[in-house]
Structure formats: structure tokens, C-alpha cells
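Participant: How does the following fold in three dimensions:
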Amino acid sequence: MHVVQVIDSLYRGGAQQLLVTFAIEAQRRGIKTSVVCLKDEDRGSNLVERLNSLGVEVVRFAAPKMLAPKRIWQLTRWLRRNRVSVVHTHLTYGNVVGILAARLANIPVVATMHLAGFDPSIANRQQQFEAQIVRFLAQQIIAVGYTTRDAYQPIMPNRTLHVVHNAVVAVPEISAEQRIATREAILGDPDLTMLINVGRFAAIKDLPTLIDAFALVHPQHPEARLVLAGEGDQRPKIEAKIDEHQLHAVVNLLGARDDIPVLLRSADVFVSSSANEGLPIAVLEAMAAGLPIVATKVGDIPQVVREQAGVTVAPHDQQALAAAINQLLSEPSHMQQMQQAAQTIIEQYHSPSAWVDQLLTLYTAAHEGVDQREAVST
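Facilitator: Prediction:
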């Protein structure tokens, strides 16, 4: 089997990390994997090197416009030449361009919908066009969670959206010495409490609300420090919030990092203030690293972060977010119970092996020409 994953870009993100997770499991099973990237904007990401190290060929088909005919034709010819078994597409450009090229090449295609909270009334033209391309041309459709499925189902009537929850690989253990050294390098004092958020500095992550909440937390827990690992166009707004609350000494912006597993293993609590999510990889990775979670009730987070593994609150509510963090930091024994529970949930429900088993079932169905159009059952 030769599986080709088609995606917008290889910049750091949850969908991109899934390519690495798939490649690790595919290598173990002897499945040939290639990745087609439709943009050149990697912005310092090391994903190409990581994929190459796993034996994955990365091919680029960049173009000035999404529907550039030359690019679609070039990708179609490449798919035909490389004896591809199935194409799996991700994100808007990937779903549109990848599906069109795969169907022109007469290769079965499976599409994944990653976005939760999709609203046709406010979606831009590209998103609406993407949804219709997926609806009519993809043999199989995956939703990363029940919230994502329920968002897209009304505009994809008579199609089955298969819920396949995202997976994460085990987060490597680190030595006590490495943990102390990492905390000392970031916090100055390894005995302080390290709250961490990992992800793009994008509007959807609503990090200014997290800064507002931390401004309420710090007076009650002066030992707490907030660490943000990521980069993006919202950085000026985040820096403005730090200035507003005069939190320069206790909030650390690390920028984009390639040592996320080490950072997670070195932290005490993972915090997320997202306004909209499907099933974020960052939360799953934090749980795999044994971190208790404080997050907003968006996407499928409430289904994954159950009471024994963390606390969820309404989005855009700095008071509730601060109260949840304060309560957790005040109960160290409860935090320890959550750490074990978080890891257990990931091991049982989000392992790469079980995830790839589900994907292979859908790949086989697509390859056999199964084009399911019955309504999804509740």
C-alpha cells in the first residue's frame, strides 16, 4: 500500500503533527507513505526533516492560487506515476486540491475535517467550497470528533462522517536532571510552578484571555509562572496584554520550539483558552506527558478531558479560567491523581495503533469504491 497525505503547509500545527504520528506507525507496519505539501511557508518548522527521517518522501506543489490548473494537473500526473493506493487530504487547500487531483487520477480519496464550530452562514467562500468538494467527491469523510461531525453534517446530508479521534505517540520520559535543568533555564528557579500552553499564536486560541486569567491567578499563587511555546500573528496582542498587566517577570514567551516533549515533561499544568477547536493535538500530547489539564469547553475537549484528568470551563471567561487554575494549584494531591488519569485516557483511547487501524479500514473501503451516502446514525 502507498498512502499519500496531502496538506496545506508543513508549519507547526495539530494536523501536521498527525502526519508524523501516521508515519511512525506506517513505518512500523511497512506501509509506504508520501506527503504532498501545497505551500512553501514552513517558517522554521522541522517537520520535513522529521518525515524524511521516517522514510517519508515530501513533495511540494506550490502555486499562487488554490485552484491553479497547472498545479492540479501536475499533482494528478504525479499521483498516477507513483502507483498511489489512496490519497488522504487535510485542511482547506489539501481537501480541495488533493481531492480534485485524486479523482482526476482515478485514485480513491479520504478527507479529514479538522475544524469544529463550522457555520455555513459565516464561513468564507473557500470553506464553503471545500465542504462541497468533500461532500460530493471524497469516497470517505473523517471528522476528528463528534463536535466536528455535528458541525458539518447539516451541509453534507446523506453522507457518513466517520468520527476518528486524533492520536498521539508516547511522550518520551526525561531524567530528573534534565527536567530540573529545563525548568531552571526557563523559570530561573526549578522549584516554581510551571503552567504551559503550546500552540500557534492565532486568534482562535484566544491567548489574551489566558493572560487576563493568569493576572488573576498570580496574586494568589505568586510561585506560578506561565510559559507560552509558539509563534504567530497574535503575538503583538499577547505582548500588549502582558504589558497591560505588568506580567513580564512571570510570563515567558518561548517562541516556536522543537523540544515540545521535553517542555511538557518539565511542566506542571497544561492550560488552554481556545475559542474553537476540533480535538487539539497539544492537549492530547500534554495528557500523554502526564499533565493535568485546564481547558475551555470547545470541540471534543470535554469528552477527552474528563473530571479525573482536568477541569474545563466556558470559553472567553477569564474569571472561570482563573478560578479553575487556582483550585487546581491549591490541591497538589488532586493534581497527582489527574496526572495518572490523563495518561491512562491517552493509552486507552488515543494510541497510534488503534487510530491507524481505523484509518486503514476507511482506506480499504475507499479503495473498494464504497461511496457511503446513508445518513449518519446518532
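Participant: now the strands: where do they sit in the stretch 1-150 of the chain?
Facilitator: Taking DSSP state E, counting those that start in this stretch, the strands of the stretch 1-150 of the chain run over residues 2-7, 32-37, 57-60, 86-90, 109-113, 140-143.
Participant: where does the stretch 101-250 of the chain have low pLDDT?
Facilitator: 117-119, 121-123 (pLDDT under 70).
Participant: longest single helix anywhere in this structure?
Facilitator: helix 332-349 (DSSP state H).
Participant: Can you name the next helix or strand after that one?
Facilitator: helix 352-367 (DSSP states H and E).
Participant: buried sites along that following helix?
Facilitator: Buried positions in helix 352-367, judged by neighbour count with 16 or more other Cβ atoms under 10 Å: Pro352, Trp355, Val356, Leu359, Leu360, Leu362, Tyr363, Ala365, Ala366, His367. In this view, the C-beta of every residue, glycine as well, is placed from N, C-alpha and C.
Participant: ok, the last one to Asp258 distance?
Facilitator: Put plainly, it is His367. According to Cβ to Cβ, to the nearest Å, His367 stands 36 Å off from Asp258.
Participant: And the helices in the stretch 251-378 of the chain, which stretches?
Facilitator: 260-266, 281-288, 301-304, 318-329, 332-349, 352-367 (DSSP state H, counting those that start in this stretch).
Participant: and Ala275, how many residues sit next to it?
Facilitator: 15 (other Cβ atoms under 10 Å).
Participant: on that earlier part again, mind listing what's buried along the longest helix of the chain?
Facilitator: Met335, Met338, Gln339, Ala341, Ala342, Gln343, Ile345, Ile346.
Participant: circling back to that earlier point, now render the helices of the stretch 251-378 of the chain as CSV, adding distance to Val58.
Facilitator: Below are the helices of the stretch 251-378 of the chain laid out as CSV (distance: least, Cβ to Cβ, whole Å):
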stretch, distance to Val58
helix 260-266, 20
helix 281-288, 19
helix 301-304, 30
helix 318-329, 38
helix 332-349, 28
helix 352-367, 19
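Participant: got CSV for the ones you listed, with mean pLDDT too?
Facilitator: Shown next, in CSV, are those (pLDDT from 0 to 100):
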stretch, mean pLDDT
helix 260-266, 97
helix 281-288, 95
helix 301-304, 92
helix 318-329, 97
helix 332-349, 91
helix 352-367, 95
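Participant: for those, which one sits closest to Pro64?
Facilitator: Closest to Pro64 of the helices of the stretch 251-378 of the chain, according to Cβ to Cβ: helix 281-288, at 29.8 Å.
Participant: just the helices in the stretch 1-150 of the chain please.
Facilitator: Ranges of helices within the stretch 1-150 of the chain are 14-29, 47-53, 69-81, 91-104, 125-137, 146-152, based on DSSP H, counting those that start in this stretch.
Participant: Which strands border the helix or strand encompassing Val227, and is each parallel or antiparallel?
Facilitator: Assigned by DSSP H and E, Val227 falls within strand 224-229. Using DSSP bridges, the strands paired with strand 224-229 are strand 193-198 (parallel), strand 251-255 (parallel).
Participant: Dump the ones you listed to TSV, plus mean neighbour count and distance to Ile174.
Facilitator: As requested, the strands paired with strand 224-229 are arranged in TSV below (neighbours: other Cβ atoms under 10 Å; distance: least, Cβ to Cβ, whole Å):
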stretch	mean neighbour count	distance to Ile174
strand 193-198	23	14
strand 251-255	17	17
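Participant: possible to save those as a markdown table with distance to Val56?
Facilitator: Output for the strands paired with strand 224-229, formatted as a markdown table (distance: least, Cβ to Cβ, whole Å):
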| stretch | distance to Val56 |
| --- | --- |
| strand 193-198 | 23 |
| strand 251-255 | 26 |
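Participant: Where do the domain boundaries of the protein fall?
Facilitator: Structurally, the chain divides into domains by automatic domain parsing as follows: 2-167+351-367, 176-349.
Participant: elements contacting the helix or strand hosting Asp243?
Facilitator: Of the helices and strands defined by DSSP H and E, Asp243 is found in helix 235-245. For helix 235-245, the packing partners by 3 or more Cβ pairs under 8 Å, 6 or more residues apart in numbering; DSSP states H and E come out as helix 207-217, strand 251-255.
Participant: contact partners of it?
Facilitator: For helix 235-245, the external contacting residues (Cβ atoms under 8 Å, 6 or more residues apart in numbering) are Phe201, Leu207, Pro208, Ile211, Asp212, Phe214, Ala215, Leu228, His248, Val251, Leu253.
Participant: make it 6 Å
Facilitator: Phe201, Leu207, Pro208, Ile211, Ala215, Val251 (Cβ atoms under 6 Å, 6 or more residues apart in numbering).
Participant: Mind picking the two most distant members of those residues?
Facilitator: Phe201 and Ala215 (18.1 Å).
Participant: hang on, the earlier thing: contacts for the longest helix of the chain next, please.
Facilitator: Met287, Ala288, Gly290, Pro292, Gln308, Ala309, Gly310.
Participant: can the residues you listed go into CSV with extra columns for distance to Ile242 and neighbour count?
Facilitator: Formatted as CSV, the contacts of helix 332-349 follow (distance: Cβ to Cβ, whole Å; neighbours: other Cβ atoms under 10 Å):
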residue, distance to Ile242, neighbour count
Met287, 27, 29
Ala288, 29, 23
Gly290, 28, 20
Pro292, 24, 27
Gln308, 33, 14
Ala309, 29, 23
Gly310, 25, 29
